[in-house]
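Colleague: starting from these lines, generate the structure:
(one chain, ligands or ions: 1)
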Amino acid sequence: MCGIVGYIGQDNALDYLINSLRVLEYRGYDSSGIAIYSPEGHIEIIKAKGKLNNLIELTKQNSQKGKIGIGHTRWATQGIPSDINAHPHADSDSEVAIVHNGIIHNFHELKEELIKNSQIIFTSDTDSEVIAHLLGLELKKGLSLKDSMLNIIKKIKGSYALAAISKSDPDTIILTCHDAPIVIGIGKEKDLFCASDSAALLQYTNKIIRLKDKQVAQLKPNGEFLIFDGKTSKQIAPQIQVLNADPVSLDKAGYKHFLLKEINEQPAILRKLLAHHLNDNLEIEFPELDKTLLDNINRILICGCGTAFYAGLMGKIVLETLAKIPVEIEFASELLSREILVDPKTLVIAISQSGETADTLLAVKAALKKGAKLLAITNRPDSTLSALAERANIFIQAGIEVSVAATKSFTAQMFCLYLFAIKLAENYKSIPSEQLNWLKNELRYLPQIMEQTLARGETYREKILPYAQLKAFVFLGRSFNYPIALEGALKFKELTYIQATGYAAGEMKHGPIATIDETTPTLSILLPGLTYHKTLHNCIEAKTRGAPSLGIIDDSDKEARQELHTIFEVPALPFSEEYKDFQDLFSPFISVLPLQLIAYYLAEHLGKDVDQPRNLAKSVTVE
Ligand code: M6R
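Modeller: Alright, predicted model coming up:
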């Protein structure tokens with residue numbers, strides 16, 4: 001989604017801005033722009049619809065020499081993607097330029113007032129432009145840019161991360177935020193940076209300050225910065241955070257796409273998580289977790305969005321199966337649609353790769369207000385979610401996920417939830433210790449079997465391409481593979497733009513089967529376990545009505561392969577008769593891989609933008 005960057009220091013700002021915007025490309029955007037305060041004393045704004053390269057081409061036509069600048073990648077919310085709607089936006093006299101992430105909820109009202117009372121002429125369709133005009137009017141009163149910002153944040157409602165520069169206060173970048181992140185980066189040579197995603201800064205610094213809601217920061221070219229409380233206007237002491245993260249690598253490591261690279265990284269991530277959480281004595285440890293988190297808890301509520309929600313659904317199933325605790329799960333956006341029923345005895349588990357998803361953050365804030373406890377499962381220790389959870393974080397350690405479609409973060413989230421569920425099962429003695437030890441040992445085999453599965457990628461490719469012209473697919477799974485059917489369908493539609501719906505296989509005959517004919521393949525997850533035969537029957541019911549039947553089966557399968565038109569074979573997981581109740585417990589880590597790969601290969605075959613599918617944003621920072 002939208003991204004903000006900024007530079008103020010002794011060097012030319014342009015290169016810093018472009019390099020930082022380059023990193024933010026992964027978030028998904030439809031236009032980009034920069035504003036630089038030039039040595040001649042004016043603000044030069046350059047913006048372009050489409051890819052960042054369009055903007056770079058335009059910058060080559062001029063020589064932007066300024067040492068203070070802000071930049072933006074825009075993912076359209078209010079106003080179509082266009083050159084005009086791209087940020088930065090300026091006021092009528094080009095006195096001030098701003099970049100904005102978020103949504104100004106009262107922009108209609110503010111716009112009307114600005115037109116009526118100040119005869120402002122708007123040039124774009126965005127909500128963001130009101131901010132530039134409001135600041136412009138404050139500056140005309142003779143106020144500094146900082147004081148202007150402190151005044152206007154009392155008028156604007158909604159979510160925002162903002163960066164602004166002005167002609168009348170030329171040696172300054174002003175930042176502020178509310179329900180949207182922005183950080184200051186402290187450079188080595190008195191340079192200061194800012195960004196809405198610290199990933200953009202890691203190439204220059206790992207020392208950051210995360211602004212809190214309604215704080216206003218003032219950055220100066222000599223490396224000085226001051227932070228003010230938006231309500232009292234009083235100066236406050238900054239809290240510097242040192243990030244333990246490598247600069248974002250935009251190297252595809254020989255793969256054609258980041259997506260394929262990330263799919264192939266999954267076994268290594270699980271190994272890393274095993275090394276971090278499971279010691280040689282088969283004890284599971286969560287070093288970043290406050291031990292009192294689980295005291296006095298009588299309820300667990302999981303929330304997230306999209307893929308993170310599906311990982312959460314898996315969490316519910318595995319927590320209920322192993323720890324025998326009833327768990328509720330809700331889309332974060334739905335939790336926000338009514339009163340959130342939590343209390344101090346509720347543990348809310350919020351799952352978010354980015355840790356910046358607006359719906360998830362708002363749901364979490366609402367739950368915290370009611371005293372609920374929070375456990376965050378995130379890939380970003382530097383995120384807002386992680387900060388909200390303080391000492392109750394599980395970091396999925398998947399490394400930066402560049403591709404917009406989530407893959408490695410999904411398996412890493414699931415894996416952390418499995419580890420957590422086993423740990424709780426141990427605490428609550430809900431299943432015998434020998435069984436738990438067996439489960440822990442089994443976890444160790446997963447990366448190897450995942451590698452063997454990924455090695456079959458080319459076969460999966462050959463098998464899915466004949467279906468490339470079909471317009472709708474149905475994905476079926478039960479129990480542990482129900483969330484995988486949902487996630488498989490999501491990945492398929494995100495990447496190929498083909499309609500795909502995931503169902504709990506048992507639900508087929510309660511309605512969805514009406515959509516089935518020869519042009520609607522079903523893709524069933526048919527791995528050994530308690531639900532194998534029931535799922536197979538659902539698959540046959542669809543086949544009987546003409547549906548081409550595709551299925552994920554394992555090498556040992558004898559029955560399903562006879563019923564299926566196309567099989568995607570995966571290696572069999574180790575099996576012990578003694579633990580047959582858990583036979584399908586780990587199969588999601590295997591079944592998800594062919595689903596990710598077929599979505600990838602089909603999308604690639606169809607010529608889709610695999611790493612940045614249309615209309616999608618990596619981190620959805622607006623409600
Ligand atoms: O960063 P988050 O995990 O909170 O993001 C949640 C969803 O927006 C995300 O998983 C989305 O569904 C992806 N497009 C999935 O590929």
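Colleague: now for the closest residue to residue 314 other than its chain neighbours, how many residues are close by?
Modeller: Excluding its sequence neighbours, the residue lying closest to residue 314 (Cβ to Cβ, 6 or more residues apart in numbering) is residue 483, at 4.4 Å. For every residue, glycine as well, the C-beta is placed using N, CA and C. As a burial measure, residue 483 scores 28 neighbours (other Cβ atoms under 10 Å).
Colleague: repeat that for residue 92.
Modeller: Residue 92: 16 surrounding residues under other Cβ under 10 Å.
Colleague: with residue 602 instead?
Modeller: By other Cβ under 10 Å, the residues close to residue 602 number 21.
Colleague: ok, it touching residue 494?
Modeller: No - using Cβ atoms under 8 Å, residue 602 is not in contact with residue 494, being 11.7 Å away.
Colleague: contacting residues for the residue in the stretch 201-350 of the chain that the ligand sits nearest to?
Modeller: Per Cβ to the nearest ligand atom, residue 306 is where the stretch 201-350 of the chain lies closest to the ligand, at 1.9 Å. Residue 306 sits next to 406, 490, 620 when contact means Cβ atoms under 8 Å, 6 or more residues apart in numbering.
Colleague: closest one of the residues you listed to residue 61?
Modeller: Of all these, residue 61 sits closest to residue 620, with 34.1 Å by Cβ to Cβ.
Colleague: select from the contacts of residue 306 the one having the most neighbours.
Modeller: That'd be residue 406 among these, by other Cβ under 10 Å, with 28 neighbours.
Colleague: contacting residues for that one?
Modeller: 306, 307, 308, 353.
Colleague: between those residues, which has the most around it?
Modeller: Result: residue 353 is most packed of the contacts of residue 406 (other Cβ under 10 Å), 30 neighbours.
Colleague: check it and give its pLDDT.
Modeller: What the model reports for residue 353 is a pLDDT of 97.
Colleague: for the closest residue to it other than its chain neighbours, the count of nearby residues, please.
Modeller: Spatial nearest neighbour of residue 353, excluding adjacent residues (Cβ to Cβ, 6+ apart): residue 409 at 3.9 Å. By other Cβ under 10 Å, 29 other residues sit near residue 409.
Colleague: what ranges do the strands span in the stretch 201-350 of the chain?
Modeller: Ranges of strands in the stretch 201-350 of the chain, per DSSP state E, counting those that start in this stretch, are 207-210, 215-219, 225-229, 235-236, 240-242, 299-304, 327-331, 346-352.
Colleague: tell me the most buried of the ones you listed?
Modeller: strand 346-352 (a mean of 27; mean count of other Cβ atoms under 10 Å).
Colleague: which SS class is whichever residue of the stretch 451-600 of the chain sits closest to the ligand?
Modeller: Closest residue of the stretch 451-600 of the chain to the ligand, Cβ to the nearest ligand atom: residue 494 (5.4 Å). Here residue 494 is helix, with the state taken from DSSP: H, G, I helix; E, B strand; the rest coil.
Colleague: mind listing what residue 193 touches?
Modeller: Residue 193 makes contacts with 5-7, 16, 20, 184-187, 200-201, 204-205, as judged by Cβ under 8 Å, 6+ apart.
Colleague: closest to residue 35 out of those residues?
Modeller: Residue 35 lies nearest to residue 6 out of the contacts of residue 193, by Cβ to Cβ, at 9.5 Å.
Colleague: ok, what's across the strand from the closest one?
Modeller: residue 70, residue 194 (DSSP bridges).
Colleague: isn't it right up against residue 72?
Modeller: No - counting by Cβ under 8 Å, residue 6 stays clear of residue 72, with 9.5 Å between them.
Colleague: any residues in contact with both of those two?
Modeller: Residues touching both residue 6 and residue 72 (Cβ under 8 Å, 6+ apart): residue 99.
Colleague: give me the below-cutoff pLDDT ranges for the stretch 451-600 of the chain.
Modeller: Counting by pLDDT under 70, the stretch 451-600 of the chain contains no low-confidence range.
Colleague: how about the residues of it near the ligand?
Modeller: By Cβ under 6 Å from any ligand atom, the residues of the stretch 451-600 of the chain that approach the ligand are residue 494.
Colleague: residue contacts, residue 556?
Modeller: By Cβ under 8 Å, 6+ apart, residue 556 lies in contact with 528, 572.
Colleague: so it versus residue 571, what's the distance?
Modeller: 9 Å (Cβ to Cβ, to the nearest Å).
Colleague: same question, residue 151
Modeller: Relative to residue 571, and taking Cβ to Cβ, residue 151 is found at 64 Å.
Colleague: let me know the secondary structure of residue 97.
Modeller: Relying on three-state DSSP, one would call residue 97 strand.
Colleague: leaving out sequence neighbours, find the closest residue to it.
Modeller: residue 35 (3.7 Å).
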